[in-house]
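[1] Curious how this folds, go ahead:
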Amino acid sequence: MKKNLTIQSANKEILRRVRPIGSVKRLLTAACGYTIAENIRAPFDLPSFDNAAMDGYAVRAEDLANANGNAHSLRLKEVIGAGHAPSQKLEHGETSAVMTGGRIPLGADTVVMVENTRRTGQTVEIFPPTKKGAHIRRKGEIVQKGKVIMRKGEVVTPVHVGILATFNYGIIRVYQKPCVAIFSTGDEVVPLGSRIPNGKIVDSNRHMIMAELEKMSISPIDMGIIRDRKSEIFRALKTAASQFDVVITIGGVSMGEFDFVRKGIEKLGTIHFWKVKMKPGGPQIFGLIRGKPIFGLPGNPVSSFLVFQLFVAPALRKMGGIPDTHTRWENAVLTTSTRKTAGKARFIPMKIDSNAGQTVAHPITEVGSHDLVHWANADGYGWIPTGKGTLRSGAVIKVTRFS
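    Residues are numbered from 1 along each chain as shown. This next block holds a predicted model:
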């Protein structure tokens, strides 16, 4: 068991031990938030035929070439509605009314907006100017048949659903989401909505982490609260690891007399590291039981939140087939001096905005690992590197925004 890893080393330790679970076919309408498991190609051109970009009249541009600034009269041949094919080729001196999306008849090469015309019976007057090729959406101008329209590793969004539906994909192959079990430990926590006896606290962390999982389109398996009983915690770990892909526990990972999670993972599997050089969130565990990743989160709310963000979420993204798993950091200019901590990286809630083209980070008042309220007022958080002394205003730090 490794101890006191750096953040980078801990992430490497986790990510090299997790793999995508596998792929499955899924209905397109239920695929949002999932990751495409194979390249998807256009089965036909888009548009699949030349069509009108707006309501108007399909014409032969050569028929209008000698209008000399005057209206030019053409004989109306037919009216082509969207979804209806032209019945005849357009000949010299003829025009066909065509609605937006309607197919352009053979012989036509231009559409004149209806606003630039006047129709009297079967005669249509065309008023200049009219540019050849105007207002026609050409076959294949958006996507050509065979082109990749979604790449393996992309996460499906509602826009992607619209694109794939356009190409008549009703079922697609995606990576499965990991099945994640979660439980809290401790005699001090009580269920949400119950009476709070003196000395007890509400089990809020579990609901926060379950909300994080739901945000990733993962529906957690809620195992509730496991009391500080060695046998019960061991049994919960064994059951969860035998039935689910990932196990998240909250609390019981430090050195207290009743911190049985660490002991349970050691007995049932292997702990790969314990504690990370960070604040908040240092006391944490990563291990495997029956090959299943076990994440032991600390009990303080901010610590639990950060450990999930920095370590658990990247692992779940990789297991769900997302190739870019890491937290997204950007450079920002610090506006207020803040202290560093020897031997530990610190994470501070930040207001993040832009000033003269630079990203600027304003630290929120120093808060403890138990104070989640101030984090709710932040746009994200900043990474204060390990060291001694003070990081001065104007220094460039790494920040990440809440999604």
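[2] what about Ile294, which SS state?
    The three-state label given to Ile294 by DSSP: H, G, I helix; E, B strand; the rest coil is strand.
[3] how much space is there between it and Ala31?
    29 Å (C-beta to C-beta, to the nearest Å). To be clear about C-beta, it is placed using only N, CA and C from the backbone, and glycine gets the same treatment.
[4] Between those two, point out the one with more neighbours.
    Set side by side, Ile294 and Ala31 show more neighbours around Ile294, with 26 against 23, by other C-beta atoms under 10 Å.
[5] wait, isn't that one in contact with Phe286?
    Yes - when contacts are counted by C-beta atoms under 8 Å, Ile294 is listed as touching Phe286 (7.1 Å).
[6] shared neighbours of the two, which are they?
    When C-beta atoms under 8 Å, 6 or more residues apart in numbering defines a contact, no residue borders Ile294 and Phe286 alike.
[7] Quick check: longest strand in this structure by residues?
    Across the chain, the strand with the greatest residue count (assigned by DSSP state E) is strand 345-355.
[8] Just the CA trace of that one, in CSV.
    Provided in CSV are the C-alpha atoms of strand 345-355 (Å, rounded to 0.1, in the frame of the first residue of the first chain):
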residue,chain,number,x,y,z
ALA,A,345,-1.5,21.2,-2.6
ARG,A,346,-4.5,23.3,-1.5
PHE,A,347,-7.8,23.9,-3.2
ILE,A,348,-9.7,27.1,-2.7
PRO,A,349,-13.2,28.1,-4.0
MET,A,350,-12.9,30.9,-6.5
LYS,A,351,-15.0,33.5,-8.4
ILE,A,352,-13.7,33.2,-11.9
ASP,A,353,-14.1,35.9,-14.6
SER,A,354,-12.3,37.7,-17.4
ASN,A,355,-10.5,41.0,-17.3
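[9] List the neighbouring strands of it plus their orientation.
    Partners of strand 345-355 in the sheet, by DSSP bridges, are strand 278-279 (parallel), strand 358-363 (antiparallel), strand 380-384 (antiparallel).
[10] Need those strands in a markdown table (columns: mean pLDDT and mean neighbour count).
    Output for these, formatted as a markdown table (pLDDT from 0 to 100; neighbours: other C-beta atoms under 10 Å):
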| stretch | mean pLDDT | mean neighbour count |
| --- | --- | --- |
| strand 278-279 | 95 | 22 |
| strand 358-363 | 94 | 18 |
| strand 380-384 | 95 | 22 |
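[11] In the chain, where is pLDDT below threshold?
    Residues of the chain meeting the criterion pLDDT under 70: 67-69, 255-256, 258, 366-369.
[12] can you give me the helices for it?
    7-15, 158-166, 204-215, 230-243, 260-268, 301-307, 313-319 (DSSP state H).
[13] Tell me which of those helices is the most buried.
    helix 301-307 (a mean of 25; mean count of other C-beta atoms under 10 Å).
[14] Check which helices and strands that one sits against.
    Secondary-structure packing of helix 301-307 (3 or more C-beta pairs under 8 Å, 6 or more residues apart in numbering; DSSP states H and E): helix 204-215, strand 292-297.
[15] Quick check: which of these is nearest to Ser231?
    Closest to Ser231 of those, according to C-beta to C-beta: strand 292-297, at 17.8 Å.
[16] Specify the stretch among the strands paired with strand 345-355 that is closest to Thr117.
    Thr117 sits nearest to strand 358-363 of all those, at 52.8 Å, using C-beta to C-beta.
[17] any idea where the strands of the stretch 101-250 of the chain begin and end?
    Taking DSSP state E, counting those that start in this stretch, the strands of the stretch 101-250 of the chain run over residues 110-113, 117-120, 123-126, 136-137, 148-150, 171-175, 180-185, 189-190, 201-202, 221-226, 246-250.
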